[in-house]
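> Sequence first, predicted coordinates after that:
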Amino acid sequence: MFKSQVEPSANRWLIPVIGAAIVALALATIYVASGGHATGGGQTASPAALPKDLPLELVALEHARTADTLTVSGTVRNPEAGSARRQVAAVVFLFDRAGSFVASGRAPLDYQALAPGDESPFVITVPGAGNAVRYRVSFRTGTDVLPHVDKREAAAAPSQVRAGRRP
């Protein structure tokens, strides 16, 4: 009299099918959220197509001393295969004969936007450099130090400032 007319075997597949659909939807959401698809056409960018953060190239470097002031100038290049750089500054640290820090200076590159293959000159003037005999140049964006390689034609040993020499 109270017996159901619907067979239980007809409903037994409904719950696993709904569960599988939920799992598939969750996996698809995770895949898309983790960068599985790039915007614009649904294609992913290959790692080879992305610009690389290659080191900057130091192609020229000079210095001049006037009384107690040292002026360091040069040219830096962003490599052809590198990524665009903005707001890059050149920094120089001066050291005495014992290797102790004397002074430092910082100046923005002449060209603030360096596309791949672009070069920019820089000039840094540091007062209080009377007893400096050596200096080190680096490049930065904000507080981040950018790696660089020495690509000067006659790559010299570490930069020396001779006390009695006036270049």
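Perfect, thanks for sending it. Residues are numbered from 1 along each chain as shown.
> Which residue is the nearest non-sequential neighbour of the spatially most central residue of the chain?
The centroid of the chain falls nearest to Asp53 when counting by CA atoms, centre = their mean (5.2 Å). Residue nearest to Asp53 in three dimensions, not counting chain neighbours: Ser83, with 5.6 Å by CB to CB, 6 or more residues apart in numbering. Placement of C-beta: from N, CA and C, glycine included.
> For that neighbour, give me phi and psi.
phi -90, psi 160 (degrees, to the nearest 10).
> how far away is it from Pro116?
The gap separating Ser83 from Pro116 is 7 Å, by CB to CB, to the nearest Å.
> which residue ranges form the strands in this structure?
For the chain, the strands defined by DSSP state E cover 56-66, 69-77, 85-86, 88-95, 101-108, 113-114, 119-127, 134-141, 144-146, 148-150.
> what about the lowest-mean-pLDDT helix or strand in the chain, distance to the chain center?
Every helix and strand in the chain was compared by mean pLDDT, DSSP states H and E; the lowest is helix 14-33, with a mean of 78. Mean C-alpha position of helix 14-33 versus that of the full chain (CA atoms, centre = their mean, to the nearest Å) differs by 39 Å.
> Stretch 62-78 too?
Taking mean C-alpha positions (CA atoms, centre = their mean), stretch 62-78 and its chain are 24 Å apart.
> cool, stretch 84-98 as well?
Relative to the centre of its chain, stretch 84-98 is centred 16 Å away, using CA atoms, centre = their mean.
> again, but for stretch 72-86
Taking mean C-alpha positions (CA atoms, centre = their mean), stretch 72-86 and its chain are 11 Å apart.
> Can you get me the start-to-end distance on it?
Start-to-end span of stretch 72-86 (CA to CA, to the nearest Å) is 21 Å.
> Okay, buried residues for it please.
Val72, Ser73, Gly74, Thr75, Val76, Arg77, Asn78, Pro79, Gly82, Arg85 (16 or more other CB atoms under 10 Å).
> Any chance of these in JSON lines with distance to Tyr31 as columns?
Conversion of those to JSON lines gives the following (distance: CB to CB, whole Å):
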{"residue": "Val72", "distance to Tyr31": "51"}
{"residue": "Ser73", "distance to Tyr31": "52"}
{"residue": "Gly74", "distance to Tyr31": "48"}
{"residue": "Thr75", "distance to Tyr31": "46"}
{"residue": "Val76", "distance to Tyr31": "41"}
{"residue": "Arg77", "distance to Tyr31": "40"}
{"residue": "Asn78", "distance to Tyr31": "35"}
{"residue": "Pro79", "distance to Tyr31": "34"}
{"residue": "Gly82", "distance to Tyr31": "31"}
{"residue": "Arg85", "distance to Tyr31": "33"}
